[in-house]
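K.L.:
Give me coordinates for this.
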Amino acid sequence: MAASLVESGEDAFRKVFKFYKRRNPPPDFSNVLDFSKGEGSNKVVPLKLDPATVSDAEAARVGLRPVRDWTAFELRGYPGFIFIPDPFVLGSQAFWVRQCLKTYPRKPNVCNLDMHMSPSDTQDIWDRSVPDLRLPSSGKRRPDTLLERLRWVTLGYHYNWDTKTYCADRRTPFPADLHQLSRHVTAACGFPGFDAEAGILNYYRPDSSLGIHVDESELDHSRPLLSFSFGQSAIFLLGGLCRRDPPTAMYMHSGDLMLMSGQSRLLHHAVPRILPAPRGHASSGMESSSRVSSPGDGSVVETPSQEDWEACVGYIRSSRVNVTVRQVLAPGQTFPGASSSHRGTDVGRTGGNHDEDGECGKRKRSRDSET
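P.N.:
Numbering: from 1, shown residues only. Below is the predicted model:
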């Protein structure tokens, strides 16, 4: 069985999801698209981006190569979907990995550990995890650090997993550096003026997965959904509007970007499996912070300290981080029942796992959500 051979039918997506999640016997990965190797399939179509949308200096400030040096692809049958294999300057991923592991989990941002730990215990996730992460692997099993127990962190408008909604009074400032990175990437893809208002970071261990779902909670669907991948690789499944549509399987490697807009903005998708990064790929090239080049004046990117980077390597040698960035509201739009001046910062706790979307939008509790 392979993704390209599954016919449409009752929950074809779930069949493919289970196929790639299977451990014994291992699945056949020969039908998984690998954009890092170029076209390689009649489904993959090269896309030319306009280098004038983002200056070389703007790109360099967030650790990106000039837009003219990026490779970008579309996927036949998925209008609005754009895949960009690793556009980052050599070594600059180290900064973004450090932000995802050290900076973004800090309070007042919200994480899954808040569900069953006191605020004082989740205030210093990084500091309490670094000593164990910096130790060389001994082959012996040790208790997971707090960082290794992270499953998600929310930024900006904080997503409520139970109600699948955002609201005006659950909001903290969105990170300025991630906002700038997202604004430049979306502009390069033809969406100027993107306002990053919410972010969800998913932290994947080797046995993690992300259940079948649709990202439809944002009030404005005209703006794209942007996804960044760091660390180990993953199988990403992109399906249709209904779960009877079989999905296409593709690799996401460290540094890869995806943008979903238009029709693809509301398609079912999932991550059934985490895989070791290919030998010599970007995650292998992040072994030392000394490889981070000097980004120049006005840059948000900085070289992580050696201590920080040793801890980051201890984490990403077996794990993956995915960052999705969303614009929740259209310009001038407000939440129902909220005034245009309402900018709340009261952050409470949220709980629950990712849910799956049922056939053509019906909801049911996920059994394959991220673990």
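K.L.:
Contacts for the lengthiest helix in the chain next, please.
P.N.:
Ranked by residue count under DSSP state H, the longest helix found in the chain is helix 176-188. For helix 176-188, contacts defined as Cβ atoms under 8 Å, 6 or more residues apart in numbering pick out 49-50, 53-54, 58-59, 61-64, 67, 70, 84, 87, 96, 99, 104, 155, 192-196, 199, 224, 226, 228, 257, 259, 300-301, 323, 325. For glycine as for every other residue, the C-beta is placed from the backbone atoms N, C-alpha and C.
K.L.:
out of the residues you listed, which are buried?
P.N.:
49, 53-54, 58-59, 61-64, 67, 70, 84, 87, 96, 99, 104, 155, 194-196, 199, 224, 226, 228, 257, 259, 300-301, 323, 325 (16 or more other Cβ atoms under 10 Å).
K.L.:
three-state assignment of Ala311?
P.N.:
Three-state assignment for Ala311 (DSSP: H, G, I helix; E, B strand; the rest coil): helix.
K.L.:
give me the number of residues near it?
P.N.:
Using other Cβ atoms under 10 Å, Ala311 is surrounded by 26 other residues.
K.L.:
check contacts around it.
P.N.:
Ala311 sits next to 101, 126, 129-130, 133-134 when contact means Cβ under 8 Å, 6+ apart.
K.L.:
ok, back up a step: pull out the buried residues from the longest helix of the chain.
P.N.:
For helix 176-188, using 16+ other Cβ under 10 Å, the buried residues are 177-188.
K.L.:
Next, the angle helix 176-188 makes with the helix or strand just after that helix.
P.N.:
Following helix 176-188 in sequence order, the next helix or strand is strand 198-204 (DSSP states H and E). Strand 198-204 runs at 100 degrees relative to helix 176-188, counting by axes from the mean of the first three to the mean of the last three Cα atoms, to 10 degrees.
K.L.:
Tell me the strands beside the helix or strand following strand 198-204, with direction?
P.N.:
Using DSSP H and E, the helix or strand that follows strand 198-204 in sequence is strand 210-213. Sheet pairing of strand 210-213 (DSSP bridges) gives strand 269-275 (antiparallel).
K.L.:
Going along the chain, name the strands of the stretch 101-250 of the chain.
P.N.:
110-111, 152-156, 198-204, 210-213, 225-231, 233-238, 248-252 (DSSP state E, counting those that start in this stretch).
K.L.:
State the number of residues packed around the nearest residue to Thr172 once chain neighbours are set aside.
P.N.:
Computed as Cβ to Cβ, 6 or more residues apart in numbering, the closest residue to Thr172 that is not its neighbour in sequence is Pro108, at 4.7 Å. With neighbours defined by other Cβ under 10 Å, the count for Pro108 comes to 12.
K.L.:
Please apply the same query to Pro143.
P.N.:
The tally of other residues near Pro143 (other Cβ under 10 Å) stands at 7.
K.L.:
Lys37 now?
P.N.:
12.
K.L.:
do the same with Thr71
P.N.:
Residues lying near Thr71 (other Cβ under 10 Å) number 16.
K.L.:
And Glu216, by the same measure?
P.N.:
Neighbours of Glu216 under the rule other Cβ under 10 Å: 12.
K.L.:
Over to Ile125?
P.N.:
23.
K.L.:
Isn't it up against Leu147?
P.N.:
Yes: assessed by Cβ atoms under 8 Å, Ile125 is found in contact with Leu147 at 5.8 Å.
K.L.:
Mutual contacts of those two, please.
P.N.:
Counting by Cβ under 8 Å, 6+ apart, the shared contacts of Ile125 and Leu147 are Pro105.
K.L.:
can you pull the contacts of Gly239?
P.N.:
13, 212, 245-248, 267-270.
K.L.:
Among those, which pair sits farthest apart?
P.N.:
Maximum pairwise distance among those (Cβ to Cβ): 13.8 Å, between Ile212 and Thr248.
K.L.:
before we move on, back to that, out of the buried ones among the contacts of helix 176-188, which are inside helices?
P.N.:
Among the buried ones among the contacts of helix 176-188, the members found in helices (DSSP H) are 58-59, 61, 96.
K.L.:
related to what we said a few turns ago, between the longest helix of the chain and strand 225-231, how many degrees?
P.N.:
Using the same axes, to 10 degrees: helix 176-188 against strand 225-231 is 120 degrees.
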